[in-house]
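S.K.: coordinates only, no sequence provided:
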Ligand SMILES: Cc1cc2nc3c(=O)[nH]c(=O)nc-3n(C[C@H](O)[C@H](O)[C@H](O)COP(=O)(O)OP(=O)(O)OC[C@H]3O[C@@H](n4cnc5c(N)ncnc54)[C@H](O)[C@@H]3O)c2cc1C
């Protein structure tokens, strides 16, 4: 009788973990993913994510990168400006070449823009093909006992499992039921996301304008089939202002957009309905509980200022998969605290550090106070002149660190 691992949540983190575990553990473990969204066709999601080099290496190791790569756009360089909305010229304070330096294959872009729906579809297909059991069901409760945990599904069925993984998003029911504390706050900001068509080629450049209301990111997308050029934006505004902007007539919204986006790429148009996502910070006090591990947004939510939320979740996947598989190969109980402790140790510091950095950056840049402006502009100028420091920032964005799990190095577990 194979041991069972139940993953609650078929978001990109939950599906990635299911695939990694099934590929490594084969028939020794039954891997079940439960999520009501598996019942129908996937939710329409017009978002694209900046996937770091580490995440891409993991997708390569799992054999799903090929199809994702077809529709992906490498980020070839990145510039950061600090200006007011009305400024005509936006001086560039910081530039990054788009390749990871030092370790890793030469010329490897530090990130690719990939459509969320494409990642979701490729992971879903690979999970089904490799024998992951997909249950269109909600996990109501998981009751941990000494030898196993009992997972109650909304359909009324109960499953015994050695381990439950809560990949059920920021408002994780399983985290709450396990009594794991959550430190968090709202930023009072929303991120407006849309796809923008423009006349000129972006050349693979990502741009982040630090405007007084918050960061305004322009992220390059692959051309449309008809050759049209496009980019994705994440436009931060105070939540009330974001709602007011989205209520504008499309032509007025475009005008507001252009005062921030600029005309460097020629005439623009908004291609997809703009949508606002409320932004918050949150961190679980522990990433593991009794026969329970938290994964992705269920463990941490950070500001999208550096496009690292999902990337942190993918690092969780690599760390947790490695801890579970190593334990299984040693014949250990995969739900035991001995099996799960390496996961908590591996992920805690990196996650808290990224949370603190993104929170600090947002607070530093989302204001228009003259002394703060001067300090941050000098700071960015300094970083730009110090290649060692820039390499460090790039390495972070690329997800490289000496002790990273095997999947993030592109190796099988
Ligand atoms: C504006 C914006 C831009 C962003 N840009 C980037 C970026 O460029 N790069 C990046 O790395 N990150 C980015 N992020 C962050 C990224 O969107 C999230 O970190 C990521 O989507 C979280 O994935 P997840 O699988 O952990 O959770 P989710 O995607 O929230 O998935 C959770 C799943 O759990 C299911 N579920 C919930 N409760 C239960 C239950 N009880 N039982 C079963 N299933 C359940 C839900 O139906 C859902 O499918 C951005 C975020 C925002 C807001």
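M.R.: That came through fine. Just so it is clear, the structure is predicted and the values come from calculations on it, not from any experiment. Residues are numbered from 1 along each chain as shown.

S.K.: ok, the residue most central in space within the chain to residue 47 distance?
M.R.: The chain has residue 310 as the residue nearest its centroid, 1.3 Å off, counting by Cα atoms, centre = their mean. Taking Cβ to Cβ, to the nearest Å as the measure, residue 310 and residue 47 are separated by 10 Å. The way it works is simple: take the backbone N, C-alpha and C, and place the C-beta from them, glycine included.

S.K.: same question, residue 194
M.R.: Taking Cβ to Cβ, one finds residue 194 at 10 Å from residue 47.

S.K.: looking at these two, which is more packed in?
M.R.: Remark: of residue 194 and residue 47, residue 194 carries more neighbours, 21 against 16, as counted by other Cβ atoms under 10 Å.

S.K.: isn't the more buried one right up against residue 275?
M.R.: Yes: if you go by Cβ atoms under 8 Å, residue 194 and residue 275 touch, sitting 7.2 Å apart.

S.K.: point out where the stretch 1-150 of the chain drops to low pLDDT.
M.R.: 42, 83-107 (pLDDT under 70).

S.K.: how about the contacts made by residue 12?
M.R.: 116, 119, 120, 123, 296, 310, 313, 314 (Cβ atoms under 8 Å, 6 or more residues apart in numbering).

S.K.: who in the chain is up against the ligand?
M.R.: 8-14, 34-37, 49-50, 138-139, 167-169, 173, 191, 193, 234, 277, 296-297, 304, 307-311, 313 (Cβ under 6 Å from any ligand atom).

S.K.: let's go with 5 Å and repeat that
M.R.: Applying Cβ under 5 Å from any ligand atom, we find that the chain lies next to the ligand at 8-9, 11-13, 35, 37, 49-50, 138-139, 168-169, 173, 191, 234, 277, 296-297, 304, 307, 309-311, 313.

S.K.: tell me the buried residues in the strand or helix carrying residue 69?
M.R.: Using DSSP states H and E, the element containing residue 69 is helix 65-70. By neighbour count with 16 or more other Cβ atoms under 10 Å, helix 65-70 contains the buried residues 65, 67, 68.

S.K.: kindly report the same for stretch 350-370.
M.R.: Here stretch 350-370 shows 350, 351, 354, 355, 357, 358, 359, 361, 362, 365, 366 as buried, counting by 16+ other Cβ under 10 Å.

S.K.: okay if I get these as a markdown table plus pLDDT?
M.R.: Formatted as a markdown table, the buried residues of stretch 350-370 follow (pLDDT from 0 to 100):
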| residue | pLDDT |
| --- | --- |
| 350 | 83 |
| 351 | 91 |
| 354 | 83 |
| 355 | 86 |
| 357 | 81 |
| 358 | 83 |
| 359 | 85 |
| 361 | 78 |
| 362 | 79 |
| 365 | 73 |
| 366 | 75 |
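
S.K.: need those in JSON lines (columns: secondary structure).
M.R.: Converted to JSON lines, the buried residues of stretch 350-370 look like this (DSSP: H, G, I helix; E, B strand; the rest coil):
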{"residue": "350", "secondary structure": "helix"}
{"residue": "351", "secondary structure": "helix"}
{"residue": "354", "secondary structure": "helix"}
{"residue": "355", "secondary structure": "helix"}
{"residue": "357", "secondary structure": "helix"}
{"residue": "358", "secondary structure": "helix"}
{"residue": "359", "secondary structure": "helix"}
{"residue": "361", "secondary structure": "helix"}
{"residue": "362", "secondary structure": "helix"}
{"residue": "365", "secondary structure": "helix"}
{"residue": "366", "secondary structure": "coil"}
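
S.K.: output the residues you listed as a markdown table; include the columns distance to residue 409.
M.R.: Formatted as a markdown table, these follow (distance: Cβ to Cβ, whole Å):
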| residue | distance to residue 409 |
| --- | --- |
| 350 | 15 |
| 351 | 19 |
| 354 | 19 |
| 355 | 24 |
| 357 | 23 |
| 358 | 24 |
| 359 | 29 |
| 361 | 27 |
| 362 | 31 |
| 365 | 33 |
| 366 | 35 |
